[in-house]
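Q: got a sequence here, can you build the structure:
(chains A and B)
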Amino acid sequence: MTEPEPMDWVTAQTRLLRSPKLRAKFRRDPVALGQAFDLSPANQQLLARLCPDQLDAQARTLIDKRMHEAFQLLPQTVANLAANARSLFVSHALQYWPDGHQRHTADALAFCESLPSDSRNSVDPYEVNRLRFRLTPTPVRIHWIARRTKQGSGFLGFHVLFLLSRRLRQFQLGIALPE
Amino acid sequence: MTRIGMGYRRPLHDWIIANPDSLECLEITAEHFFASDHSVLRSLRERFPLCVHGLGLSLGTPGPLDGPTLAQFKEVADSANAVHVSEHVAFTRSAETDLGHLNPLPRTDESLKTFIEHARELASVTGRRVLLENITTHLDTGGEMSEPEFLNRLCAESGCALLLDITNLFINSRNHGFSAEDWLADLDNNTVAQLHIVGYECRNGVYNDSHAQPIQEDLLKLTRQALRRFPVESIILERDQRFEETTEIEADLQKLRALVSPASQSHDRT
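A: A predicted model of the protein is given here:
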C-alpha cells in the first residue's frame, strides 16, 4: 500500500486564506495545524513561521479586491445598501468563491442573490439583469420588471437587453407607476 | 530603445485610438478577451506592438496548468500577435478553490520547480517568450532564499525574463521594511526585460497598489535605477481606475518618456 501524498503548500495556504476559523486555529497553534494539514516536514516548518497578522491582512485583501470588482458592477445596489454593503459582501464572500474568467460578474450576481430578505429591495433589478446577460451568451434577454423604489415611484414592464456591434444595448418598455 | 506603453482597458479605447502618438506599445490582459470577439485585438495590432499579460494561469499551483485557460490564453496571444506573453510569480488557485487574486509562494526549490515547469509549458504552448512578474503581497511566505535570488534562479533556469513591477517592489519594500534599491542591486544583469509602473496609495501607514494614482517621484527614482542596470524593452503604465483623468495619464506617460530619452539616459550615466 502506498503512503498518501502530503498536502501541497498551495492547498494549505489557500485553506488558510479563505477560512477565518482556520486562521484562528493557526494563531493558537501553528505547529498543530501544520500537522493536521499533513504537510511535508519542510512545509510544516515554513507554515509555523508565517505571521498570523500578515495572513489576516492577505485574506482581507483578497476579499477587498473581490468587493471592489463586484461593487463596480453594482453601483446602484451598493448605493441602496449604503453602510451595510461592506459587511453584507464580506458575509457573502466567505461562503462563496467564484471561478473562471467571469468570476467578478458571477460574484456580483451571487452577492445580490445572497442578500437577506430585508435587503432584497435594495437590489437594482437592471443591474442584476445586466449581470445575467453577461453570464449567459444569448442574442436577446427580456426581463419582467415590477418595482417600487424606497422613494415611492414605480415601474411595471419589460427590460430588454441585446448585443449590437458587440456592445450591450438596453431599453425598457412599460408604464411608470404613480407614487 | 525603450518603448512607453500602457495596459489596454476598454474604457480607454477611444482615447488610445485618438492619441496613437502617446503610446509606442500596448499590453493586453488575456482574461479580458477570453471567450470573446478578437477583432479589437486584430485592429490594435495593426497600430501597436502588443504584449499579452495573464492574471489567472496560476503558475505556482502544482500539477498541470488548467488546459482550457491555457488554450484561451494562447488564442489571445495569437490574435494579438504578441511580442511576448507574461504572467505572475504567484498562485491564484488551489485544486479546491479559486482565490481570484495573486498570492505568494515560499521561496523554495519545490516552488521554483513548479514555476519553471509551468513557465516552460507556457512558452512552449504559446510559442512566445515568457516574462514573469514580481507581485505585491501583505504575506511574507519566507523560504530558503531571498526574493532576488529566487527570481534570478527562476529566470536563469526557465529561460524567462523578469517583468519588474516597480510599484510592487516599492510597496513590498515599505510594508515589509527592506531596501528596494538593494533588492534591485541583487538581481542579475540582463534579467529584466519590461517594467510595470503606476502610482501607489498609502493609508494608515500601509501601502497598496490601487492602480489609480499618478506616478510618484520615489517610483521614478527606482525606475531610473532599473533603467541604468537592465536592457528594458518597454515600460507599461498599469492604470486600472480613474480612466477619465486622461490629463493625468498623459502626464504619467510624459514622465516615463522623459526617463528613457537619450538626454536623460546620458545624464544618468555621468
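
Q: now do the buried residues in the lengthiest helix in chain A.
A: Looking across chain A with DSSP state H, the single longest helix is helix A:52-72. Judged by neighbour count (16 or more other C-beta atoms under 10 Å in any protein chain shown), helix A:52-72 contains these buried residues: A:54-56, A:58-59, A:61-64, A:66-67, A:69-71. Glycine gets a C-beta too; all of them are placed from N, C-alpha and C.

Q: does chain B sit close to that helix?
A: Yes - applying C-beta under 8 Å from any C-beta of the partner chain, one finds helix A:52-72 touching chain B at A:Q54, A:L55, A:A57, A:Q58, A:T61, A:L62, A:K65, A:R66.

Q: what residues does the stretch 51-200 of chain B put near chain A?
A: Near chain A, when you scan the stretch 51-200 of chain B using C-beta under 8 Å from any C-beta, you find B:56, B:60-62, B:69, B:72, B:91, B:93-101, B:103, B:105-106, B:108, B:110-111, B:137-143.

Q: quick revisit: closest one to A:L115 out of the buried residues of helix A:52-72, please.
A: A:A70 (12.4 Å; C-beta to C-beta).

Q: tell me where the stretch 151-270 of chain B has helices.
A: Assigned by DSSP state H, counting those that start in this stretch, the stretch 151-270 of chain B shows helices spanning B:166-176, B:180-185, B:217-229, B:246-260, B:262-269.

Q: the longest one packs against which elements?
A: Judged by 3 or more C-beta pairs under 8 Å, 6 or more residues apart in numbering or on different chains; DSSP states H and E, the packing partners of helix B:246-260 are strand B:3-7, helix B:217-229, strand B:234-237.

Q: and if you look at the third one?
A: Judged by 3+ C-beta pairs under 8 Å, 6+ apart, helix B:217-229 is in contact with helix B:166-176, helix B:180-185, strand B:192-197, helix B:246-260, helix B:262-269.

Q: what's the most buried one of these?
A: Mean neighbour counts were compared across the helices and strands packed on helix B:217-229 using mean count of other C-beta atoms under 10 Å in any protein chain shown; the top stretch is strand B:192-197, at a mean of 25.

Q: ok so, going back, just the helices and strands packed on helix B:246-260: most buried one?
A: Highest mean neighbour count among those (mean count of other C-beta under 10 Å): strand B:234-237, a mean of 24.

Q: and that one, which strands flank it?
A: Paired neighbours of strand B:234-237 in the sheet (DSSP bridges): strand B:3-7 (parallel), strand B:192-197 (parallel).

Q: what are the contacting residues of that strand?
A: Outside strand B:234-237, the residues within contact range by C-beta atoms under 8 Å, 6 or more residues apart in numbering or on different chains are B:2-7, B:24-25, B:27, B:51, B:194-198, B:215, B:223, B:249, B:252-253, B:256, B:259-260.

Q: report pLDDT for residue 87.
A: Since no chain was named, I'll use chain A. A:S87 is assigned a predicted lDDT (pLDDT) of 96.

Q: my question was about chain B, not that one.
A: In this model, B:E87 carries a pLDDT of 98.

Q: can you pull the contacts of the nearest residue to it once chain neighbours are set aside?
A: Closest residue to B:E87 apart from its sequence neighbours, by C-beta to C-beta, 6 or more residues apart in numbering or on different chains: B:G54 at 4.4 Å. For B:G54, the contact set (C-beta under 8 Å, 6+ apart) comprises B:T29, B:A30, B:E31, B:F73, B:V85, B:S86, B:E87, B:H88.

Q: swap the cut-off to 10 Å and go again
A: B:28-31, B:69-70, B:72-73, B:76-77, B:85-88, B:92, B:122, B:126, B:130, B:133 (C-beta atoms under 10 Å, 6 or more residues apart in numbering or on different chains).

Q: cool, B:D78 as well?
A: B:H38, B:L41, B:V52, B:T126, B:G127, B:R128.

Q: from the residues you listed, which ones fall inside strands?
A: Taking DSSP state E as the definition of strands, the contacts of B:D78 contribute B:V52.

Q: export the contacts of B:D78 to JSON lines and tack on neighbour count?
A: Putting these into JSON lines (neighbours: other C-beta atoms under 10 Å in any protein chain shown) gives the following:
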{"residue": "B:H38", "neighbour count": "15"}
{"residue": "B:L41", "neighbour count": "24"}
{"residue": "B:V52", "neighbour count": "27"}
{"residue": "B:T126", "neighbour count": "22"}
{"residue": "B:G127", "neighbour count": "11"}
{"residue": "B:R128", "neighbour count": "20"}
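
Q: now do the phi/psi pair for B:S94.
A: Main-chain dihedrals, B:S94, degrees, to the nearest 10: phi -110, psi -180.

Q: so how far is B:L57 from it?
A: B:S94 is 14 Å from B:L57, where distance means C-beta to C-beta, to the nearest Å.

Q: and for A:G174?
A: For A:G174, the distance to B:L57 - C-beta to C-beta - is 45 Å.

Q: and B:E181, which of the strands paired with strand B:234-237 is closest to it?
A: So among the strands paired with strand B:234-237, strand B:192-197 is nearest, using C-beta to C-beta, at 14.5 Å.

Q: tell me the secondary structure at A:V10.
A: The local conformation at A:V10, judged by DSSP: H, G, I helix; E, B strand; the rest coil, is helix.

Q: can I assume B:C155 is in contact with B:N189?
A: No - applying C-beta atoms under 10 Å as the test, B:C155 and B:N189 come out as separate, 11.1 Å apart.

Q: of these two, who's got more company?
A: B:C155 (23 against 8; other C-beta atoms under 10 Å in any protein chain shown).

Q: what's the spacing between the more buried one and chain A?
A: 22 Å (C-beta to the nearest C-beta, to the nearest Å).

Q: list the contacts of that residue.
A: Counted by C-beta under 10 Å, 6+ apart, B:C155 has contacts B:116, B:119, B:130-132, B:161-162, B:187-188, B:190-193.

Q: mind checking which of the residues you listed are buried?
A: B:I116, B:A119, B:V130, B:L131, B:L132, B:A161, B:L162, B:L187, B:D188, B:T191, B:V192, B:A193.

Q: which residue is nearest the centroid of chain A?
A: Note on chain A: the residue nearest the mean C-alpha position is A:D107, at 3.6 Å, using C-alpha atoms, centre = their mean.

Q: with adjacent residues omitted, what lies nearest to it?
A: Nearest to A:D107 is A:P98, by C-beta to C-beta, 6+ apart, at 4.4 Å.

Q: isn't the one you found up against A:L131?
A: No - counting by C-beta under 10 Å, A:P98 stays clear of A:L131, with 11.8 Å between them.

Q: higher neighbour count, these two?
A: A:L131 (24 against 20).
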